[in-house]
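>>> The sequence isn't on hand, but the structure is:
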């Protein structure tokens, strides 16, 4: 069975912190691949400002040099809010020979029990919790059905956020070394995030 990590998000835009998170999970758990899943309508944050096609294109540009990374646009092709359990259920139907691991940051680990159909999700995937040194979490606060499916990986501290990147671009400031060069070129070519 192929071990596949799944990393969901708006990726508006994808940045080096996302890539580092994926590589940290891949390396720590010996994953064969990591699939980046851009969401169309996230349930827990505002609607992305950039359309799904552009966010997918930026992801593809960012991942081109890593054969272990790929874009899975399953959520962009469906209408309405994207829930992880629905995405995972469909991916398991399409790829029965894959063992899926959902990658979450330390800020989201405590929230896992509140996700839609969380117990069913925990039966379908293992969770990879990326622990940042500034955000330790307490497993004792999690229900057993999450704790038993959670593996931790130590994530280097890298303070990059898509919100900050969009603000910097609006202000005409540099985002070099925060984003892969092909993503910077895409943003500049299309004039994204300037207003």
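Done, it's in. Quick caveat: nothing in here was measured; it's all calculated off a predicted structure.

>>> helix or strand for the residue of the chain positioned farthest from its centre, which one?
For the chain, the C-alpha farthest from the mean C-alpha position belongs to residue 172; by C-alpha atoms, centre = their mean, that distance is 26.7 Å. Residue 172 belongs to no helix or strand when assigned by DSSP states H and E.

>>> Repeat that for residue 151.
Here residue 151 is assigned to strand 150-154, by DSSP H and E.

>>> For the helix or strand that that strand is followed by, the averaged confidence score.
Later in the chain than strand 150-154, the nearest helix or strand by DSSP H and E is helix 162-170. For helix 162-170, mean pLDDT is 95.

>>> what comes into contact with helix 162-170?
10-13, 15, 49, 174-175, 178-179, 187, 192-195 (C-beta atoms under 8 Å, 6 or more residues apart in numbering). C-beta here means a position set from N, CA and C on the backbone, and glycine is covered the same way.

>>> mean confidence score for the strand holding residue 151?
93.

>>> strand partners of it, parallel vs antiparallel please.
strand 126-131 (parallel) (DSSP bridges).

>>> in the strand it pairs with, what's buried?
126-131 (16 or more other C-beta atoms under 10 Å).

>>> Quick one: list the elements packing against the lowest-mean-pLDDT helix or strand in the chain.
Lowest on mean pLDDT, DSSP states H and E among the helices and strands of the chain sits helix 106-109, with a mean of 84. Secondary-structure packing of helix 106-109 (3 or more C-beta pairs under 8 Å, 6 or more residues apart in numbering; DSSP states H and E): strand 126-131.

>>> avg pLDDT for the strand it packs on?
Strand 126-131 comes out at a mean pLDDT of 94.

>>> Run through who's touching it.
5, 21, 24-25, 28-29, 99-106, 109, 112, 137, 146, 149-155.

>>> That concludes my questions; thank you for your assistance.
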